[in-house]
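1. Quick check, what structure comes out for this input:
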Amino acid sequence: MSASVEWRPPTPDDLPGIAALAAASDAHQGALEATLVDELASRLTWDRGIDAVSRVVTAGSQVVGAGWARIMATAGMRNWRVLISAFAAPGHAALYGELVRWLDAAAATDLGPGDVARIERVLTPSTAALAADVVVLYESLGYEFFYVEHEMSCDVASPPTPSDSDGIAIVPWTSARHAEIRDAYNDAFRERGFEGYQPEDWADAYHPDDFLPELSFVALDADRVVGFTLCTVLDDPDEWTDPAIRGAGWIDTVGVRPSHQGRGVASGLVARALDALRASGVDRAVLRVNEDNGRAKGVYGALGFVIVRQHVVYRKAG
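-> Coordinates of the predicted model:
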């Protein structure tokens, strides 16, 4: 007689079983789901509302499925309200679909007009794409493909030698330049379809507390900001960080105005950041870049970055 299946909110006692399930899911699907369990462990200690948006599925004493939704409230991503994470044991493919449907319905109660739910799957480079049945599942729930980002990593033990481009000075970030960086950001990413940050949104999206001034740099042409990179180290004990990249240097954003692209400005900015990361004691830098941004991937590849994971994102409006 098969063991009875039970759905219920997870508890700290379930974490070893969930971690084992996540590791098995990694081996079966090529998806690094195990990096998500640390987030759940943290939330179980403080999030009183997690029971309403999380489930563990057991068959007897074995954990065969788990999932949860994260309700986000980051001002700079104010419309990204829900992130769904779910996985099931090999041989329980249908259960994954049931979990995603349950979580989608549970999280929908927190969505308002204009809010967005998303599902992000993290794949190893050897896993080229999501399985066809998973794509069908997401689309049946109203999710649409949004983007694929490549996570790239670089050993900073021997970073490239920083050098200024012809006529361009690369200087440390200062608060006096931050408003100018917004203008350069909007200019740099307009060609990528970005509508631009308004002044009142900029401080929320890129608050100086969210990056380290000593690791961030600005490119100047005749005292005009033409490029920038904002960086930090992923070691904040008060904020959950994916264990796979915890402790690494994080190159959050690199931007160069179109008028100055192709002149080595981005390479100079990143090289300077890598040198600063090495001096700070960090041994690895990571960043994420859109799959279709061939120019940026070429710059990072020339500096020693290699693709280590893919982030596949689906979304739907509330």
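
2. is it true that G249 touches V286?
-> Yes: contact criterion Cβ atoms under 8 Å: G249 and V286 qualify, at 7.2 Å. Just so you know, the C-beta spots here come from the backbone N, C-alpha and C atoms, and that holds for glycine as well.

3. so what's P160 scoring on pLDDT?
-> We note a pLDDT of 71 for P160 in this prediction.

4. What is the burial count for it?
-> 17 (other Cβ atoms under 10 Å).

5. which residues does it contact?
-> Neighbour list for P160: S267, A271, L274, L303, G304 [criterion: Cβ atoms under 8 Å, 6 or more residues apart in numbering].

6. which of those sit farthest apart?
-> S267 and G304 (11.3 Å; Cβ to Cβ).

7. so where's the stretch 151-300 of the chain shaky on pLDDT?
-> 159, 161-165, 237-240 (pLDDT under 70).

8. all strands for it, in order.
-> Secondary structure of the stretch 151-300 of the chain by DSSP state E, counting those that start in this stretch: the strands cover 169-172, 217-221, 224-233, 249-256, 284-290.

9. got these as JSON lines, with distance to E195 columns?
-> Converted to JSON lines, the strands of the stretch 151-300 of the chain look like this (distance: least, Cβ to Cβ, whole Å):
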{"stretch": "strand 169-172", "distance to E195": "28"}
{"stretch": "strand 217-221", "distance to E195": "23"}
{"stretch": "strand 224-233", "distance to E195": "19"}
{"stretch": "strand 249-256", "distance to E195": "15"}
{"stretch": "strand 284-290", "distance to E195": "16"}
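
10. Determine which of those approaches A108 most closely.
-> strand 284-290 (27.5 Å).

11. Describe which strands the closest one pairs with in its sheet and in which direction.
-> Using DSSP bridges, strand 284-290 pairs in its sheet with strand 144-155 (antiparallel), strand 249-256 (parallel).

12. highest average neighbour count across these?
-> strand 249-256 (a mean of 23; mean count of other Cβ atoms under 10 Å).

13. So this structure: which segments form each domain?
-> The record's domain parsing of the chain by automatic domain parsing lists 5-142, 154-310.

14. The last one: end-to-end distance?
-> When you say that, I think you mean domain 154-310. 16 Å (Cα to Cα, to the nearest Å).

15. returning to that earlier point: shared neighbours, G249 and V286?
-> L234.

16. Now render the strands paired with strand 284-290 as a markdown table, adding distance to S280.
-> Formatted as a markdown table, these follow (distance: least, Cβ to Cβ, whole Å):
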| stretch | distance to S280 |
| --- | --- |
| strand 144-155 | 15 |
| strand 249-256 | 8 |
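
17. The strand or helix carrying L83: how far from the chain's middle?
-> Element membership for L83, per DSSP states H and E: strand 80-88. With Cα atoms, centre = their mean, to the nearest Å as the basis, strand 80-88 stands 13 Å off its chain's centre.

18. State the mean pLDDT of that strand.
-> On average, strand 80-88 scores 81.

19. residues of that strand that come out buried?
-> Buried positions in strand 80-88, judged by neighbour count with 16 or more other Cβ atoms under 10 Å: R81, V82, L83, I84, S85, A86, F87, A88.

20. and if you look at stretch 39-55?
-> For stretch 39-55, by 16+ other Cβ under 10 Å, it's E39, L40, A41, R43, L44, D47, I50, V53, S54, R55.

21. Surely the first one is within a helix?
-> Right, the one you point to is E39. Yes: the assignment for E39 by DSSP: H, G, I helix; E, B strand; the rest coil puts it in a helix.

22. Now do it against A66, distance only.
-> According to Cβ to Cβ, to the nearest Å, E39 stands 12 Å off from A66.

23. Also the fourth one?
-> Distance, R43 to A66, by Cβ to Cβ: 13 Å.

24. Could you do the second one as well?
-> With distances defined as Cβ to Cβ, the gap from L40 to A66 amounts to 8 Å.
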